[in-house]
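Peer 1: here's a sequence, model it:
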Amino acid sequence: MGLVLKHVVQTKAGTWHYRRRLPRDVAVLVGKGEFKRLLGETERQALRNYTKVHAEFERVVGDARKAEPAASLTSATPLELHRLAELRARELAATTVHVGDRALPGSDPDAVDVIRESYLSRQRDAAGDEIEGRAVAILSSGGKLSRPAPTVEDARKLYLKERVEGDINETAKTARVTRNMEHLSAAGVGKDRTLTSLTREDARNVRDYLVRDLGMKAATVRRYMNDVRAVINLGMTEFGLRDTMANPFQNLPIRGAEASTTTASDERKPIPETMIAPLRERIEAHAGEDLWRIWRMVEGTGCRLGEVTGLLRSDLVLDTAVAYINLVPHPHMGSARRRLDVRSLPL
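Peer 2: Numbering: from 1, shown residues only. As a prediction, this is how the structure comes out:
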């Protein structure tokens with residue numbers, strides 16, 4: 001770049017991105033370790049957007065640190081609270097405690113006694129008490145206090161952070177994962193269930209609930225069960241449970257799914273021909289110029305919305321007898337095209 005900007009990287013595809021590690025305390029509160037934003041496809045766009053994105057990073061950090069502890073921790077799992085307590089225990093261990101005429105590190109046994117007595121004498125909100133009390137317990141045990149077992153909710157949050165966040169279809173995929181978790185809960189597998197307590201019977205109950213109570217087709221049930229299996233698999237791997245449990249949703253038979261030759265997505269009908277004209281009129285009357293152009297490309301080529309919105313200028317080939325679009329993967333597309341064949345479409 002003409003200017004050297006901190007935290008800016010250029011991908012092999014030529015796009016520019018702002019990438020920066022979040023401070024440790026903020027990372028725990030917001031549930032991710034890195035702040036990432038697309039700056040633009042060109043150097044000029046990156047320069048123009050840098051200040052705004054840099055300011056957004058500062059705002060994310062500031063808002064997280066200013067948030068009330070009780071509000072930030074309302075939805076935290078026991079494992080997340082323990083991790084916060086571990087951070088707090090390290091802070092306590094690094095403090096200096098005065099015992100008589102001695103200045104001791106917080107990790108010293110005599111200093112730990114003072115910290116414990118000080119904690120017991122204070123009155124705090126319940127959330128703060130839980131973290132501070134556990135932090136003192138961790139300090140007293142020399143860091144040997146066991147972590148709570150990861151739960152289905154921990155696996156869900158991890159999956160969203162690792163596999164969904166930043167994807168071009170993040171909103172839709174988040175809703176889909178949330179819907180899957182609601183089905184689990186309705187079938188008797190609550191979000192507070194530990195991963196190691198999941199059984200084959202739980203998996204069958206979820207499958208039967210989808211078939212019997214929701215009336216789903218076999219192909220749809222298979223798709224939902226695949227999603228659940230992926231969430232549990234990631235949790236098993238990242239929480240180090242591969243040697244202590246098997247995924248009960250793995251290789252679960254679904255009657256009728258094996259004989260199905262079409263997936264749930266293939267069974268969905270396209271927009272009826274009679275609806276095309278009213279849709280076109282409404283978009284033309286109410287949408288901005290960008291949305292109108294996107295619609296025209298979707299209507300004219302049959303591309304998915306994510307395929308059109310993720311196009312780069314280099315994907316358009318206009319200097320040939322027949323102009324065409326190259327549908328190829330790009331880093332900023334995430335997994336939007338992961339299951340699609342690379343292909344070209346004439347314009």
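Peer 1: mind listing the strands for the protein?
Peer 2: 8-10, 16-21, 34-40, 96-99, 102-105, 316-317, 324-327, 343-346 (DSSP state E).
Peer 1: by mean pLDDT, show me the worst of those.
Peer 2: Across these, strand 343-346 has the smallest mean pLDDT, namely a mean of 60.
Peer 1: okay, and the beta partners of the closest residue to Val114 other than its chain neighbours?
Peer 2: Ranked by CB to CB, 6 or more residues apart in numbering and with sequence neighbours excluded, the top spatial neighbour of Val114 is Val97, at 5.3 Å. (C-beta placed from N, C-alpha, C; glycine too.) In this entry, Val97 is beta-bridged to Leu104, by DSSP bridges.
Peer 1: quick one: Val97 from Glu86, how far?
Peer 2: The spacing between Val97 and Glu86, counted by CB to CB, to the nearest Å, is 19 Å.
Peer 1: quick one, domains of this protein?
Peer 2: 8-67, 77-140, 152-267, 273-346 (automatic domain parsing).
Peer 1: with mean neighbour count and distance to Ser146 as new columns, can the ones you listed be given to me in TSV?
Peer 2: Listed next are the domains of the chain as TSV, based on neighbours: other CB atoms under 10 Å; distance: least, CB to CB, whole Å:
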stretch	mean neighbour count	distance to Ser146
domain 8-67	15	19
domain 77-140	16	9
domain 152-267	16	13
domain 273-346	13	36
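Peer 1: lowest average pLDDT across those domains?
Peer 2: Mean pLDDT per stretch puts domain 273-346 lowest among the domains of the chain, at a mean of 77.
Peer 1: now do that domain: distance to the chain's middle.
Peer 2: In terms of CA atoms, centre = their mean, to the nearest Å, the centre of domain 273-346 is found 26 Å from the chain centre.
Peer 1: give the contact list for the residue of the chain most remote from its centre.
Peer 2: Seen from the C-alpha centroid of the chain, the residue lying at the greatest distance (CA atoms, centre = their mean) is Asp101, 50.5 Å away. The contact partners of Asp101, taken as CB atoms under 8 Å, 6 or more residues apart in numbering, number zero.
Peer 1: show me where the stretch 1-150 of the chain has its helices.
Peer 2: Remark: helices assigned in the stretch 1-150 of the chain by DSSP state H, counting those that start in this stretch are 24-30, 43-66, 69-72, 78-94, 109-120, 126-140.
Peer 1: now the ones you listed in CSV, with distance to Leu279?
Peer 2: Shown next, in CSV, are these (distance: least, CB to CB, whole Å):
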stretch, distance to Leu279
helix 24-30, 38
helix 43-66, 31
helix 69-72, 42
helix 78-94, 44
helix 109-120, 62
helix 126-140, 48
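Peer 1: out of those helices, nearest to Met216?
Peer 2: Closest to Met216 of the helices of the stretch 1-150 of the chain, according to CB to CB: helix 78-94, at 31.7 Å.
Peer 1: okay, angle between that closest one and helix 109-120 too, please.
Peer 2: Helix 78-94 and helix 109-120 meet at an angle of 130 degrees, taking axes from the mean of the first three to the mean of the last three CA atoms, to 10 degrees as the criterion.
Peer 1: ok and helix 78-94 relative to helix 126-140, angle-wise?
Peer 2: Per the same axes, to 10 degrees, the angle that helix 78-94 makes with helix 126-140 is 60 degrees.
Peer 1: same for helix 78-94, what does it pack against?
Peer 2: helix 24-30, helix 126-140, helix 152-159 (3 or more CB pairs under 8 Å, 6 or more residues apart in numbering; DSSP states H and E).
Peer 1: so which residues make contact with it?
Peer 2: 24-25, 28, 73, 76, 105-107, 115, 130-132, 134-139, 143, 147-151, 154, 157.
Peer 1: dump that helix to CSV, restricted to CA.
Peer 2: What follows is helix 78-94, C-alpha atoms only, in CSV (Å, rounded to 0.1, in the frame of the first residue of the first chain):
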residue,chain,number,x,y,z
PRO,A,78,-20.4,-22.2,34.0
LEU,A,79,-17.4,-22.9,31.9
GLU,A,80,-17.3,-19.3,30.6
LEU,A,81,-17.7,-18.0,34.2
HIS,A,82,-14.8,-20.2,35.2
ARG,A,83,-12.6,-18.8,32.5
LEU,A,84,-13.4,-15.3,33.6
ALA,A,85,-12.5,-16.4,37.2
GLU,A,86,-9.1,-17.8,35.9
LEU,A,87,-8.4,-14.4,34.4
ARG,A,88,-9.3,-12.7,37.6
ALA,A,89,-7.2,-15.2,39.6
ARG,A,90,-4.1,-14.3,37.5
GLU,A,91,-4.8,-10.6,38.2
LEU,A,92,-5.0,-11.3,41.9
ALA,A,93,-1.8,-13.4,41.8
ALA,A,94,0.0,-10.4,40.2
